[in-house]
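Participant: Pasting a predicted model and its sequence here:
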Amino acid sequence: MANKVEICGVNTASLPRYKDKEMYEMLVAIKAGDMKVREEFIRGNLRLVLSVIQKFSGRGENPDDLFQVGCVGLIKALDNFDMSHGVKFSTYAVPMIIGEVRRYLRDNNSIRVSRSMRDLAYKALTAKEKLGKSLQREATVEEVAKELEVKKEDVVLALDSIQDPISLFEPVFNDDGDPIYVMDQIRDMKNTDVRWIENLSLSEAMKKLSPREQHILTMRFFEGKTQMEVADEIAISQAQVSRLEKNALSYMKKYV
């Protein structure tokens, strides 16, 4: 099998495919308590799990772990699926699988969020959904905060804390085939052209100093040593170090 992909010991090329009619008949049997059909149905929908976890590739997570978590979401979807609503199983299952994977990524994120913060975020999401239904529009942060009787700032912080981090190299959109990344949309307030010119000027000014003065300034301002430490290293007094340092800085200020 040239297109064989194995994940968690499952050969994806051998997974069965079922038509909508077959799926419906299997669901009826499952609701009637047929466990054998239940196992076949889950196996027949593992491709659905694979398609979902592909959306989370590139996060450094083990695909086998994501697949297992996705399977938990699939089983939860099957257990809670209500056939009377008249929707396809996949339509209901995909959000359940995505939610399960996101919860896993959130709980195993290197950025640790306290449980109280996560609990507040989930309460805020629930309150937002509830208010949206009653108001017939999206609820504001102020309205959610009032509903939960907490500060607006706490709601904002809690909701921000559960957002999935994204890579600076995440493509935002393509411009004539050339991807535009997140980092291309972020302004660097530190390494500006002015800062670059200043660094270049300082570097050129340093070259005008004597080797001894260069050595002293390097130890003082790049290595973080005290004047006493510099004095001990080059075998002169602390007063001499202070005088040489001041003279060198004074000259550099005039040059820059």
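Facilitator: That came in fine, so what should we check first? Residues are numbered from 1 along each chain as shown.
Participant: Surely residue 45 and residue 89 touch.
Facilitator: Yes. Assessed by C-beta atoms under 8 Å, residue 45 is found in contact with residue 89 at 7.4 Å. Every C-beta, even on glycine, is put in place using the N, C-alpha and C of the backbone.
Participant: Give me the more crowded residue out of those two.
Facilitator: Just comparing residue 45 and residue 89: by other C-beta atoms under 10 Å the higher neighbour count belongs to residue 45, 24 against 20.
Participant: list the contacts for that one?
Facilitator: By C-beta atoms under 8 Å, 6 or more residues apart in numbering, the contact set of residue 45 is 74, 89-90, 93.
Participant: nearest to residue 235, of those?
Facilitator: Nearest to residue 235 among the contacts of residue 45 is residue 74, at 73.7 Å by C-beta to C-beta.
Participant: Mind giving me the packing neighbours of the helix ranked longest in the chain?
Facilitator: In the chain, assigned by DSSP state H, the helix with the most residues is helix 115-135. Applying 3 or more C-beta pairs under 8 Å, 6 or more residues apart in numbering; DSSP states H and E, one finds that helix 115-135 makes contact with helix 141-148, helix 152-161.
Participant: If you count contacts, what does the first one end up packed against?
Facilitator: Identification of packing neighbours for helix 141-148 by 3+ C-beta pairs under 8 Å, 6+ apart yields helix 115-135, helix 152-161.
Participant: With mean pLDDT added, can I get those helices in TSV?
Facilitator: Putting these into TSV (pLDDT from 0 to 100) gives the following:
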stretch	mean pLDDT
helix 115-135	86
helix 152-161	87
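Participant: Quick check: which ranges of the stretch 151-256 of the chain have low pLDDT?
Facilitator: Within the stretch 151-256 of the chain, the segments meeting pLDDT under 70 span 164-170, 172-178, 181-200, 255-256.
Participant: residue boundaries of the helices in it?
Facilitator: Listed in chain order, the helices found in the stretch 151-256 of the chain under DSSP state H, counting those that start in this stretch are 152-161, 193-207, 211-217, 227-234, 238-255.
Participant: And the contacts of the last one?
Facilitator: Residues from elsewhere that reach helix 238-255, judged by C-beta under 8 Å, 6+ apart: 201-202, 204-206, 208-209, 212-213, 216-217, 220, 227-228, 230-231, 234.
Participant: ditto for stretch 94-102
Facilitator: So stretch 94-102 is in contact with 48-49, 52-53, 55-56, 66, 69-70, 72-74, 76-77, 80, 164, going by C-beta under 8 Å, 6+ apart.
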